[in-house]
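Student: Make a model of this:
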Amino acid sequence: MRVYGTENLLGRELFKKALLAYMQRWHGKHPLPYDFFFTINDVAKKNLDWFWNPWFFEYGYPDLAIESVTVNKDEVKVKIAKLGNVPTRVKVFLVFADGEVQTKELKADVWAKGDKAVTIKFVTNKKVAKVLLGDKHIPDSFRDDNIYEIR
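Tutor: Residues are numbered from 1 along each chain as shown. Model prediction:
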């Protein structure tokens, strides 16, 4: 059983520990979804309600967008906006003029405090050709705003 993003959010070992605890606590019983969420929160010693609620109980969708890109000498700042209400991890790719790619990734807990944007900083002395947001494994309802070309 894989619950989207939870393993990535907690890390493989903690997720496995929490999942095993859930199976032990509820084996042969009739658990509700809340029992799963409460068990994961309890074992992880984290309140993940900010994650569970939008994914399982609210109407909405995951949607991230590149809001702005600022290049200043050897620093590139990429501001990512959370347009949808469902939290997902953030993965940004810098594609350089020579074809090389640099990647940074943030877990979904970057949205835990309710922020609507996050800035990711890269340090490089190479010429950036474009910035890409996300990949096929990260849900995003509108991908048209996930590419930023630098001219």
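Student: just the helices in the chain please.
Tutor: Ranges of helices in the chain, per DSSP state H, are 6-10, 12-26, 33-44, 49-52.
Student: Report all helices and strands that the helix or strand of the chain with the lowest mean pLDDT contacts.
Tutor: Least confident helix or strand, the chain: helix 6-10 with a mean of 89, by mean pLDDT, DSSP states H and E. Helices and strands touching helix 6-10, by 3 or more C-beta pairs under 8 Å, 6 or more residues apart in numbering; DSSP states H and E, are helix 12-26, helix 33-44. The C-beta positions use only the backbone N, C-alpha and C, and glycine is treated the same way.
Student: To Ala129, which of the helices of the chain lies closest?
Tutor: helix 6-10 (28.4 Å; C-beta to C-beta).
Student: returning to what we had before: right, so the helices and strands packed on helix 6-10: which one is the most enclosed?
Tutor: The highest average neighbour count among the helices and strands packed on helix 6-10, using mean count of other C-beta atoms under 10 Å, belongs to helix 33-44 at a mean of 17.
Student: That helix - what's its average pLDDT?
Tutor: The pLDDT scores in helix 33-44 average 97.
Student: Name all residues that make contact with the most centrally placed residue in the chain.
Tutor: The residue lying closest to the centre of the chain (C-alpha atoms, centre = their mean) is Arg89, at 0.8 Å. Going by C-beta atoms under 8 Å, 6 or more residues apart in numbering, Arg89 touches Gly5, Asn8, Leu9, Glu105, Leu106, Lys107, Ala108, Val110, Ile138.
Student: May I see these arranged in JSON lines, with neighbour count and distance to Phe57 as well?
Tutor: Converted to JSON lines, the contacts of Arg89 look like this (neighbours: other C-beta atoms under 10 Å; distance: C-beta to C-beta, whole Å):
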{"residue": "Gly5", "neighbour count": "20", "distance to Phe57": "15"}
{"residue": "Asn8", "neighbour count": "18", "distance to Phe57": "20"}
{"residue": "Leu9", "neighbour count": "21", "distance to Phe57": "17"}
{"residue": "Glu105", "neighbour count": "13", "distance to Phe57": "27"}
{"residue": "Leu106", "neighbour count": "14", "distance to Phe57": "24"}
{"residue": "Lys107", "neighbour count": "16", "distance to Phe57": "21"}
{"residue": "Ala108", "neighbour count": "22", "distance to Phe57": "16"}
{"residue": "Val110", "neighbour count": "16", "distance to Phe57": "21"}
{"residue": "Ile138", "neighbour count": "18", "distance to Phe57": "21"}
